[in-house]
Structure formats: structure tokens, C-alpha cells
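Peer 1: build me a model from this:
(3 chains, ligands or ions: 2)
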Amino acid sequence: MSAPHDGTTVALAEHKSQTESRLERVSRSMTNALIPVVGAFIIGGLLLAVLGRNPFAFYGNVIDHGLIGSLGRQETLIRMAPLLLIAAGLMIAFPAGIWNLGTDGQYVMGGVIVAALGPELAPHVSGFVLFTILFIAGFVVAAIWSLIPAILKAWYGINEIISTLMLTFIGLRFSAFLVKEYFYDRETTVPQTRVLAVADRLPRMFSSRVHIGLIVGLVAVIAVHFVMRNTAFGLRLRIVGMNPKAAIHAGMNMKVLTLAIFTLSAGFAGLAAAVNISGVDGVVRAEWNPAVGLLVVPLVFLARFHAASVIVFIAAFAVFKVGGESASRKADIPNFMVLFMVGLLLIFMALGEYMQLRSSRKHQS
Amino acid sequence: MVLASEITPTVELIGITKAYPGVVANSDIHLTLLPGEVHSLLGENGAGKSTLIGILSGMVQPDAGEIRINGKTVRIHSPRDALERGIGTVYQHSLLVPTLTVLDNLLLGVDQGWKLGREMAMARLHELATLLDVEIDPSSIVGDLALGQRQQVEIVRALWRGEGVLILDEPTSMLTPQGAEKLVQVVRRLVSKGLAVVFITHKLSEALDLGDRVTVLRRGKIVGEVTPDELHNKSRLQVTDEVLKMIFGEKSDASQGTSATQLSDTAGETFRVDHVSVKGDGPHPVLDEVSFALKRGEILGIAGIDGNGQKELAEVLAGQRRVDNGEIILEDLSIQHLSIAARQAKGLRYVTDDRHGEGMVGPLSIALNVVLKRVGEAPFWRWSFVRHGAIREFARKLINDHDVRTPHEEVAISTLSGGNMQKVILARELALAPQVVVYNKPTYGLDARTTAIVLARIADQARAGVTTVFISTELSEIVAICHRVAVMYRGQLSEPISVRPGIELQLGALMTGSTAV
Amino acid sequence: MNGLFSELFISSLVSGGVIAGIPLIYAGLGEAISERAGVLNVGLEGMMLGGAYGGFVGALHFQSTWFGLMCGGLTGMVISLLMVVLCVRLNSNQIVVGIAITLGAEGVTALLHGAIYGDSYPRVPTAHPYAIPLLSEIPIIGPGFFNHHVSAYFAVACVFFVSWVLKSTGIGLSIKAAGDQPHALEAAGGGVHRTRTIAVLSTGLLAGLGGAFIVLVGAGLFVPFVTNGKGFIAIVLAMLVRGRVKWIIVASVLFGMSLSLTTALQLAGVDVPIDLVLMLPFVLIIVVLFAFGRRSYLPAALALPYDREQR
Ligand SMILES: Nc1ncnc2c1ncn2[C@@H]1O[C@H](COP(=O)(O)OP(=O)(O)OP(=O)(O)O)[C@@H](O)[C@H]1O
Ligand SMILES: [Mg+2]
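Peer 2: Ligands and ions are numbered 1, 2, ... in the order given. Okay, the predicted model is just below:
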């Protein structure tokens, strides 16, 4: 199985068709982006109508509570931070042909250690040093956790889809075990770690609740984008993804590269957990199952590993999630509505991508 | 002979046009195939031959034009349509399923109800294999076969399915002279029964021997034709000369002579292979105590029927395959435990014959493929950051030097014609100044002029002190540039002998394993 | 513990393992088919869930397990139609569509169930087991293995049938070619899109049956997310057996048993942290993979869209 590359020509510079003005291009891609949203909203609206709810009020609330309202907007930005970091990791793994579907497990493992470590360290070190240690800890723990599939893949050729999926199940259980056996806070009744005091959490920005994790996420996505497209290391990874036999023939060290891909990709997932825990959660419960990784996977693909698109998609997703949750609450329907709408949106986005490809092909000839 | 106008042509291609971004692969092509006639299609690399026959075989959809079969206009939407009309094709690049057996590959896509008729197919395969005088084990997995053997399977399949028209796109590129000879005989016999054949090749002699009619393409257009009458009446030399002019234009210099130069006696030994063995999966070792030693600047030819261990030998030398026993010595240094990269750093290069599988990265641009083996190196990268300008400039230079036919250096290499891909791969290696180069069938798919140029470049490099292992199934090439030659047969390498005129017979005997010379 | 009790224990362990394993056989078999044809179906979980809900509604409506199973299979197939259109015909990314299908199905089944059955939580008619004569009388393991609803035996029959199709029929050959070298299939006169369409629809059907089995034979009622990740397990099992389809049976039942063993251990109150016990089945898969799954082979064109003129 080779890399999930996007099937288009990968060239140093893109040759854009001359016949089309910039304005036309922008408007075309705007329409192509809007059609899926409208399509998904119509079908979602039908379901809402069937359930006896007013779709317009629902969507109004989604926008209002996810984007326009200040509280909702802050929540959206806060949610974006870990998603961006997970996406950064996937932007390394997927172009390199490594199907890391285990970000959830990596996230949880990193998170548990950070949650255990934070309150222990907080009295001794503070501020910048604390966060640096926690970030490194999250990154490193997740990276170490990913050594299992990495070694299985690099030395024994064992398929990483299986191993990473299984390690997610294992990681969820193992972290619960760790919390219950070693890290639990004796003063609470539910098994959970000690809480990182609010004063010791990540600094906020613009006198809002939004912490600097957002910046970390944005920087990571942009940096990964740049590294993958402009450095020798990035090109090596992409070659491994597109044709591993050619990579071997060209003398690349597949074992080292495979280890690098796994550890970096997982490391970002661990970092995501570190950011979220030291920024908002402050604690990990034993039955914690954040299940965020699987959502990021399609977004990264749809964005074709491009930083700007990744950021836009994740922002849109976060708006939708935050707004949708509170709109559901208002409309008194279960949160599942959001899940359904996300599925719909993804399907329509896939459709939109096809239409975009077709219209740009037509344009070329 | 009947006059052409009296018989219905089997196939008429009328005004066929096909454009790709940046190139017009076929421009208003008219081509007529008559029953009982072999139509040779010639043209330099990238002329548009494969595209044209792709249109006939349903793999490519034309932008404009009409196809008539037995006088009736038809639309060929897919290979299935073509096969149903009795058009069988041997494609330039293997189109077999590597994980299936030979027999199952032959059965693939054949409609015959639910259950596969394996017995019937077995009998048919046996029949065709006997006809072609080849040995094909029906139960072997195609992926395990050498490229030459795969080509034989493809030929069998095309013969099987092509009752009316047989399209052969460079069918002999991987065959031995004997294999090619056999193919010619079989095609002749089928043609006498009324089959129409399109025959694409870069070997002019083959085209003229087998073809009843010759059409030449250049840059997507038909630039000339030789009718059966002309073929009959003119002398071979005259026809050859005319056809060469059509193929390459007026500045034809295809027949530039190349020959090995005298090795200086003082040249020291640089490269030695000592009793190298590789076990492999089967009962017989794939390499069995292979030994040879080369002086600086020497070219050793390795002849043999494809699949006798040549590929394994090349891979062992390059470091892509583990040695079970024996030693490889470069400049007094044992290198058999070194990695591929470490060997490259010591100046050992390998030019693979598997351009699609490992030689290139299809979706990447030509420019990046040109630096595939130098990722991270100056001047193309500085502090690990890519320098687009430097890479592009270098790629443009190589494209220019090697006359690669492409709109520009930024197109995906997978869109090039087969020969042009090979040019890029060769250009990449020839741009370096290595110690030792291992070439595996370097001229595969190249047109005559490019072949001559490449051979000359290899000989030039050798003169400059590059030691060369030259694996080929083309004895003429080996004789042209090698100092010594050895033959691979069932994993064993014969004692290298000096190349002298008339050595072909002796080599031919060694290639089939007969020891009596 | 006395003999009788341990016999009962083993019997219920086996029986539970089979009940948990059958949905995995259905879905894993489905996934194996589409993987061989080059389509990585990450939407399996969604198709199972759809089948579970469809089967539930059908069984309630017709008051029949068999009609329920049929409805479940059909629902799975309808959902897989989405994958056919998007991934096979329009060449959309298989992972994106697969995950979308899973999320969408999770959402919509939970919503509909909540809205329609949220207050009553009805149960489906009981699926009566059929004890195979003689075999079910084998001591200790007999009742566990050979006393189930007929649809459980049907799953095993499906596996043998598919295995025969892959080995001995033209469509089987085409499926394998579509996954390994689609261009070769096309060149030989086969249809890549047609083959993949057939494969994906069969996957939907089988996944739907698997989901319906969970509800109709296993649980007896529908709850949101009732498939509980079984679709992903089935993907893993399909990859684990790598084309040797018959092994799906063994892998699924073993996995099912290890699941029911964890339940048993929990109930028995052994002195091991429960989380570690629950980890075991998944660790087992990795161990199996390590022991038997070296050089894992996957179809070369897996998850890649097919475009004839792309070369
Ligand atoms: N799928 C494609 N996309 C873009 N360009 C293509 C594609 N297929 C062919 N071409 C271009 O069309 C031209 C003709 O290619 P074709 O393969 O027909 O040449 P050819 O005569 O068979 O050459 P060769 O002897 O090297 O095989 C080439 O310039 C090639 O780059
Ligand atoms: Mg060609």
C-alpha cells in the first residue's frame, strides 16, 4: 500500500492556468467550499424537521454560539489548540505513507503523564519552565508509546493500521489503570489525578480564556507544512510515502525514517494532550476517552496536508462543534446531532472536492 | 498480391488526435491496418506510438478522430471493448497482476460464467507456449518472474485474446535474440492466417524484417511511410537510411560508432566479487559462487537470458540484497556489509532496470526525480533547505543534454513516455563521477539514436576511469562496448572472456547452459 | 470448584465467545472482500451500526428475527452505496468517506433511536437457538459451539462461500486484481469500477448482517453505539488474516472468546486490576500479529482511487 498522496502532480511550483483571473479563481473555490456546507445543512435540516425542531433556529444558534458570541468564540479557539497539534502530527505521517490511526491512544498516554506530573511539579517550578517540562513530557511519552508500532513496522514489517488501532484500545485501558493504581487523588471519590491549580495553567491571551496553546498549535501546523515542503527531511518522508522501493533504491535509511515518522507524529499528539491539560482540563479521569484523533484524520486529508486549509477546516469544525453542542442543548436534542452533521459535512466536502477537481480539469483543457 | 483497395481494412484510424497538458501526443493521425499484414510503427522516444495504440486498445480516449473496424465505425470506450472486437495488446509496461499466478493472469477478465475453466486454460497455455517455444510454469506467481518472462506471459495473453488484431508495443525489449526470433516466426504464421499486426520497436532491423509496411511518427505526427512495394524494391541499406531520416529528422546521426578502447595495462584492480552466493527461496541458490575482478576503467558485460540471476547480482552489488556468502571488495575494502547509502558514498552506483518499481517516484516532478539520490546534498539543498532554482536549472540542463521530450521539468515523471523516463534515470546517474557503476539493461526502451548516445557515454566514462558492470540481454551492445564478457546461467557466472568479433555464437551457447562450445 | 461448575463455565465462555465472534465474522469477511478489491472501508463501524438499527426496526415491525436480519443487511448495503458512489465512482478519499459514514451513522441512529424508542426501550423477539444434532452433544464444548441461532451458522457458510468465490471464480480473480493492479484488470477486459462496486456492496451487506446480529441475537435490544468499536476490530481481523479468508472464523471466535473471558474474569473477581484484564484481547492481537503477521501483505492499490488514464 502506498501513500495516500492526493493524486495530483507534486511539483516544486504550481503552474496555475493563465486563463483565469485571480478573482475568478477565488470565487470558484468559494462556491466549491460553500456548496458542501449548504448541502449538509439542507439534509441536516430535514432531519431536524423530522424531529420536530426548527432548522433555522438551530443553525442560527450554531453560528451564534460557535462564532459570534464572545464566550462561544473563545471556546472555539480553545478547542482548536489540541486539534491543530494532532493535525500537525498527521501532516507528517500521512504524506509519508504511515497510517497512524492511533493518535487517540498517544494523546491519552501523553495526557495521563502530564496530568500526573503537573500538580507534582507546580509547587517547585513555575511558569515557563513548568510548561516546557510538561510539553516535553507529553511529547516524549507519546513518542515512546509509538515506538511499539514503529519498531513492529520498521523491523518486522507489521502493518501499522492494526497496531496503532489496537494500541489506542490498549492505551485507553492502560491510562485508566495508571490513574487508578498510581496517580489518583486520594481526596476525591472518583478515580482521577490531582488537579493542576488554575493559577498554574497556561497563560491566557487578550484578556480572554484563550490560552497560548492556540499559538503553539498554529505554529506547529505551519512549521510542519514548511518542513514537509521545503526541507530535505520532508522530501525524504514524501518519497517514502509515494514509493518506498524508490526510497530504498536511493539509499535512504528506512528504519530511521520510520522511527522518525512515528515518534514525531505521535509526539505532536502527546503535545496536544499536554497543551489541553495544562491549558484547560487540568485533570485526567480514569474513564477518559477524548476520541479526538479520528475526527482530525479526514480533515487533514481534505486539506491535502496544506497548512492554511488545515487551519481553516479545524476552525470551521470547532465552530460547528462548540456551536452545535449548545444549539442542541437549546433545541433539547441529544448531542448526537453534531456527530451526524459532522459526518454529513465530511461527505459533502468529499463531494465538493470532486467537483472542484472536475471544474479545474475542465478549465485546463 | 491483392491490391490494397480491394480488401476491407481490419482497422482504420482516422484523424486521431490526443493532447496532454503541454504536449500533443497524437495529431490528426491516419493509420490503416490490413489483414495479413504486419505494420511496423517507428518513432523516437515520445513520438506518440504508445498513445496511438493505447487509443486502439481502449486504454486512452482520443480527443478527436474515428476508429473503423472491418469498415464499421466503432467507439472503443475501454480495453474490454477492444478485446471483444478481437484486438489483443502487449503493452509497453507490464500489465499483469504480480500477486496472481500465470494461469490466473491469463484467465483474468475472460467471461465464462461462474467457475473458472482452469483446465481449458492450462491446455491453451501449453499450446501457445509450445508455439512460442517458451517454458512457462502456469502455477508460478507472476511477481516472481523476471521481466523477460513476464513479457512472454503478456505475449501469450495477447495471442490468446487477439483474434483479429495483435498490437505489440516493444514486445522484444526484454527478450533474448532467440526469443525475439521465435516471436517473429509465430507472428509470421498468424499473419498468414489473416491477422493484422501493429509492431512497435526501436530495433530498425526487426521492424524491416517483420514489417510489411512501415509508418513513422515524430512529435505526434505521421512523417513518413514505406509501402510494401518500396520495401520490396529498394535495397535494405537505402530503406534503412530513409527511415532513419524520417525518425530523427535530417540531422540523423544514429549510426555513430562506439567501441571499447584499449585498456591500459597499468590499470589496477578496483573491484572484486569473490564467491558471492545468495540462497533465495527456491531449492537452487539465486547466486552461486559468483566471482570476477575488474580493473579501473574496464567494462564487463554480463549476458544471459533474463531471470538467471542478473537482477539479484546487481542488487547484491548495490546493497539492496543481502549476501549469504562471499565478499565484495571495492578499492581493497570489503563492502558487502555496507548500506546502500554507504556504498553510494564510496562511489558505487546502480542503474536499475525497474524504472517504475524503484527507479523513479511517479507523482514527483522530473526535477525532483533527477536529484532523487542526492536529497539533502549541496548545491540543491543548503542547510537542508531546498533550493528550487538550483534543482530546476540542473534538471533543465539534463533534459537538454539528453533530449528528454517534455513540456518542462515540473511535470510528473510518470507522464513521460517510457523511453524518456529511461533517459531521465540515465541522466541522473551519468551526471555523477562514480568509481563503479552497475547498469542493468540501461538501453531498455530507448530509441536507436539515444541508445547509441548512451552507449557512447558509458564508454566515455569508462575511458575516464569508471569501472563498469554492464548487464544486458543485447549481445550487440555488449560486443560494442565491453572489454570482457561473462554469461549468467542459473545463478552461476561463467569465466569472463575477452570480447572479439564473432563471439556471439559462443555466448549464445553459454546462455542456454550448454557447455560444449 | 467442582467439575459441573467448570463445565458450565467453559460452556458459557464458549457460547459467549461465539455470540461475540459472529458479528466479527460477518463484518470481517465483508472488510476482507473490499480490501482485496482495493477499497479500505473505514466506514465498517457505521455500516454495522446502520445494520444494527435497521435490523432492530425491521425485527420490531415484522416481529421476526429473519426479517430483521434482512432489513439489517439491506441497511448496510444502502449505506455502502454512499461509499460506492463517492469512493469507487468519484474517486473521493476512502478514509474521509469511511470516517464520515461512521460518524454520521453513529449520530443518526442514536438520534432516531432516542426520538422514536427513547421512552419505551422495546425488545426484539427472541432469536431461538437451533442445536445441531450430535455435534451439540459433544461434552463441554458442544453446547457452546453448536447451539445457536441459524444465522450464526450462516455466517460460517458465508465465509466458505466467499473463500470459494475468491479462489475459483472469475469475479474472485477480478476482485484480487482490482486490489493489486487495477490497470492490469482493466487491460484484461475487466471493469475495475464494476468489481469494486460489487465488493463494497457485499461489504455493506455483510457488515449490516453483523450489526443486526449483535442486536437481534446478541443483545436483544438496540442502544446507541451498540457496535462499540466492533467495526474497527473487524477491520483489524480482516488485515490480520491477510487474504486467507477462512481464518476469519478462527480469529473472530478467538477474539470473541477473549472478550467473554474478560467478562468472566471480572465476574469471578480475580485479583488483577480490571483495566489490565480488559486490555488483554487487544494485546493478544498484537502478539498474534507479531508471531504470525510478519511481512504483512496488503493489496498494493489499497485505498488508492483508480483512474484509467493516470499513469
Ligand atoms: N498520461 C499522460 N499524461 C501526460 N502526458 C502524457 C501521458 N501519456 C503520454 N504523455 C506524453 O505524450 C507523449 C507521447 O508519449 P508516448 O508514450 O505515446 O510515446 P512513445 O512514442 O510510445 O515513446 P517511447 O518510445 O519512449 O515509448 C510524450 O511526450 C508523453 O510525455
Ligand atoms: Mg511507448
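Peer 1: quick check, pLDDT for residue C:150.
Peer 2: Looking at residue C:150, its pLDDT stands at 86.
Peer 1: distance-wise, check it relative to residue C:20.
Peer 2: From residue C:150 across to residue C:20, the span is 18 Å (CB to CB, to the nearest Å). C-beta: built from backbone N, CA, C; applies to glycine.
Peer 1: who has more neighbours out of those two?
Peer 2: Counted by other CB atoms under 10 Å in any protein chain shown, residue C:150 and residue C:20 do not tie: residue C:20 has more neighbours, with 23 against 16.
Peer 1: residue contacts, that one?
Peer 2: C:218, C:255-257, C:259-260 (CB atoms under 8 Å, 6 or more residues apart in numbering or on different chains).
Peer 1: can you rerun that using 7 Å?
Peer 2: By CB atoms under 7 Å, 6 or more residues apart in numbering or on different chains, the residues touching residue C:20 are C:256, C:259-260.
Peer 1: right, and the helix or strand after the one helix or strand residue C:144 maps to?
Peer 2: Per DSSP states H and E: residue C:144 is located in helix C:142-146. Next helix or strand after helix C:142-146 toward the C-terminus (DSSP H and E): strand C:147-148.
Peer 1: now that next one: how far from the chain's centre is it?
Peer 2: 19 Å (CA atoms, centre = their mean, to the nearest Å).
Peer 1: sheet partners, orientation included, of it?
Peer 2: strand C:130-131 (antiparallel) (DSSP bridges).
Peer 1: averaged pLDDT, the strand it pairs with. What do you get?
Peer 2: pLDDT averaged over strand C:130-131 gives 80.
Peer 1: and the single nearest residue of the stretch 1-150 of chain C relative to chain B, how far from residue A:176?
Peer 2: Here the stretch 1-150 of chain C gets closest to chain B at one residue, residue C:36, 10.1 Å apart by CB to the nearest CB. Residue C:36 sits 37 Å away from residue A:176, going by CB to CB.
Peer 1: repeat for residue C:38
Peer 2: Distance, residue C:38 to residue A:176, by CB to CB: 38 Å.
Peer 1: the residue nearest to residue B:128 when sequence neighbours are not counted sits in which helix or strand?
Peer 2: Nearest residue to residue B:128, sequence neighbours excluded (CB to CB, 6 or more residues apart in numbering or on different chains): residue B:156, at 4.7 Å. According to DSSP H and E, residue B:156 maps onto helix B:147-161.
Peer 1: residues making contact with that helix?
Peer 2: Residues from elsewhere that reach helix B:147-161 (CB under 7 Å, 6+ apart): B:83, B:88-90, B:94, B:96, B:102, B:105-106, B:124-125, B:128-129, B:132, B:134, B:136, B:142, B:166, B:171, B:174-175, B:183, B:305-307, B:353, B:473.
Peer 1: in strands, which of these appear?
Peer 2: Counting by DSSP state E, the contacts of helix B:147-161 place B:88-90, B:166 in strands.
Peer 1: filter these down to the ones near ligand 2?
Peer 2: Residues of the ones in strands among the contacts of helix B:147-161 in contact with ligand 2 (CB under 5 Å from the ion): none.
Peer 1: can you redo these as a markdown table with neighbour count and pLDDT?
Peer 2: Listed next are those as a markdown table, based on neighbours: other CB atoms under 10 Å in any protein chain shown; pLDDT from 0 to 100:
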| residue | neighbour count | pLDDT |
| --- | --- | --- |
| B:88 | 23 | 90 |
| B:89 | 27 | 91 |
| B:90 | 28 | 90 |
| B:166 | 26 | 91 |
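Peer 1: understood, closing this out.
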